[in-house]
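Trainee: mind folding the following:
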Amino acid sequence: MRRRNANNERAMSPTAPRRRFGSNGSAAAQEQPLAELNPSSSLSKVLRQRELANAARVGNSRSSRMAAATTTTTPATSNSSPRRVRPVATQVVIKPAQRAFGGLHPLSNGQANAALRAYEERTLGAFDRVVPVLKRISALQHEPDFIAQAQRLAQAELGHELPQPVLETAWTSQLDMRTLFAWCVFEAYEQTSLAFFNDDPLAAQAGSADAEAFNAFLLECGFHLLDITPCADGRLAHAIAYALRLPFSSVRRRSHAGAMFDVENTVDRWVKTEHRRYRESLPNPAHSDTRYLKVVVYHFSSKDPCHEGCAAHGSDDKAAAAQGLQRLKDFQQAVENSFCCGASVDLLLVGMDTDTDAIRVHVPGRDGTTNLEQWLDAQTVYDATRSLTADQARSRIVELVEDAAAASPEAGMVQLIARLIEHNLSQIDYVRQYHGGSYSDFGHAERFIGVGIGFKEVHLRNLTYFAYMDTVEEGAPDLDVGVKIFKGLNVSRGLPIPVVLRFDYHGAVPGARERAITHCERVKSAIEARYSDLCAQGLLHTLLTVRDRDRHVPAETVSSSITFNTGGGH
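Mentor: Numbering: from 1, shown residues only. A predicted model of the protein is given here:
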């Protein structure tokens, strides 16, 4: 069995026992414009939304991307954007007012927007080219030189070749498109992981200028660690690097369905953080007057609030906020009950509109109170400060944060929230520049399910549905939600659900890698047992990966559910 090593220059292929086909480098992928979509086709609404979004990315010229900071973008009209129609009697769809967008906000970072857009197009494009390329390959399967043509096309468009055994059997049976699809998605994930850790496209790895600057700022605000739990919904996968514009290495992120994080596990991570401060004075000594800040990011939809909100809370915004706040209070109470000497944590509740990426912050008071009915909306701040200078806008944001607080606020908390709001103004402009003010794929459009612990490299909207877990039994609710989503996205079209298993380990601990691999295999077996019907039909495939969290290296592929029979004797 050949396995992908974390230090390889290219990602090895994602299957189990097999040979690597085509290891002689990859050509630059060429994007192909999509044909006009037929609104009466049998494809799912989500697929049409994804293809429209991909077509919009393909249609943008290089010059328009380079001029992102100064381009005036007119949002799509209601006739050009897809509208989700469901068989319900009381559907409420709110259409935002159409308006022409002027230049950027004075606090917006147009250069960063252009860089993030390039990363988004490059990475998501690798996944979104899979289906169009496989359709073209399917049309070639009865050509005399089919294998050669298919490999050339895959290499040119996807940057890798396809498994030879699948292509060689096409003349005796139908081409196995399900296996090819899963293979290509896994290859795209491997390339994404490799590029993220080798190239640092977000310029935010530990030790980078942005990370060091934010770490110092966080300490100035009175916090020694920022622990954020967004919902596992793929529409929040970019919450850290894009919506909040925070260096990923400066934030502890664990995603859970409905942002309902595990209180006991979070208490354990708090203990480790405080122990490190006591033993190593990192990030600061234990006697320093700073606090652990726990943040929950719930989400809602301004376009379709009744159906496209948080599935874990029944698209009920108030329930999502209330239960998120309650989980925060449970964590705070657990710390205070378990440890003496005034041990406690600070809490922050943030909402995010998955259609526009605008956040709203429930500013807490100095006494720890949070008002669920009162928040500061970044879109409101954008409009209120749009005509000011940069310095005037910053001062006004601080005033707005103080006015929105549930009670007299802590100065450090005000400073941090003002910075988060300022960062989010750039993201509001990002969505205006490149998505017409709101996303066309405002529903689920994830590319794969990520199961386990890790995925530091995933920071793109609708790339991954997260199912954080140690075991399938404890993480079953999260995983079931993900599988349900992908039954609509993929299975309804005859495509498999790609599941990437990931368990990070500490390389300094003897035997940790082997235990992580065993953990992957155990979870894989549990998934195959839980979704046996899907697996038996080839409608669910898994890729097993591990990563040394003590080093800045990409994930290492150890095996996959995609295997091939080798020739044998009698």
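Trainee: where are the low-confidence patches of the stretch 51-200 of the chain?
Mentor: 51-101 (pLDDT under 70).
Trainee: residue ranges of the helices in it, please?
Mentor: 62-66, 110-128, 130-138, 146-158, 164-168, 177-199 (DSSP state H, counting those that start in this stretch).
Trainee: can I get those in CSV with mean neighbour count and distance to residue 519?
Mentor: Quick note: C-beta positions are derived from backbone N, CA and C, even for glycine. Below are those laid out as CSV (neighbours: other CB atoms under 10 Å; distance: least, CB to CB, whole Å):
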stretch, mean neighbour count, distance to residue 519
helix 62-66, 12, 41
helix 110-128, 19, 26
helix 130-138, 18, 29
helix 146-158, 18, 30
helix 164-168, 17, 29
helix 177-199, 22, 18
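Trainee: CSV for those helices, including distance to residue 302?
Mentor: Listed next are those as CSV, based on distance: least, CB to CB, whole Å:
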stretch, distance to residue 302
helix 62-66, 26
helix 110-128, 21
helix 130-138, 29
helix 146-158, 36
helix 164-168, 44
helix 177-199, 29
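Trainee: what sits against the residue most central in space within the chain?
Mentor: Centroid-nearest residue in the chain, with CA atoms, centre = their mean: residue 237, separated by 2.3 Å. For residue 237, the contacting residues are 230, 255, 458-464, 466, by CB atoms under 8 Å, 6 or more residues apart in numbering.
Trainee: same thing with residue 406?
Mentor: Applying CB under 8 Å, 6+ apart, the residues near residue 406 are 362-365, 369-371, 374.
Trainee: residue 440: which of these is nearest?
Mentor: Distance to residue 440 across the contacts of residue 406 (CB to CB) is lowest for residue 362, with 29.2 Å.
Trainee: these two touch, right, that closest one and residue 375?
Mentor: Yes: assessed by CB atoms under 8 Å, residue 362 is found in contact with residue 375 at 4.8 Å.
Trainee: so what sits against both of the two?
Mentor: The contact sets of residue 362 and residue 375 overlap at residue 351 (CB under 8 Å, 6+ apart).
Trainee: comparing these two, which residue is more hemmed in?
Mentor: The residue with more neighbours, out of residue 362 and residue 375, is residue 362; 25 against 20, by other CB atoms under 10 Å.
Trainee: name the nearest residue to that one, sequence neighbours excluded.
Mentor: Leaving out its chain neighbours, the residue that sits closest to residue 362 by CB to CB, 6 or more residues apart in numbering is residue 349, at 4.3 Å.
Trainee: residue 467 should be in a strand, yeah?
Mentor: Yes: under DSSP: H, G, I helix; E, B strand; the rest coil, residue 467 falls within a strand.
Trainee: all strands of the stretch 301-450 of the chain, in order?
Mentor: Assigned by DSSP state E, counting those that start in this stretch, the stretch 301-450 of the chain shows strands spanning 346-353, 359-362, 376-377, 448-453.
Trainee: skipping its backbone neighbours, what lies nearest residue 202 in space?
Mentor: Leaving aside its chain neighbours, residue 202 sits nearest to residue 241 (5.4 Å; criterion: CB to CB, 6+ apart).
Trainee: ok, that neighbour - contacts?
Mentor: Neighbour list for residue 241: 116, 202, 204, 248, 459 [criterion: CB under 8 Å, 6+ apart].
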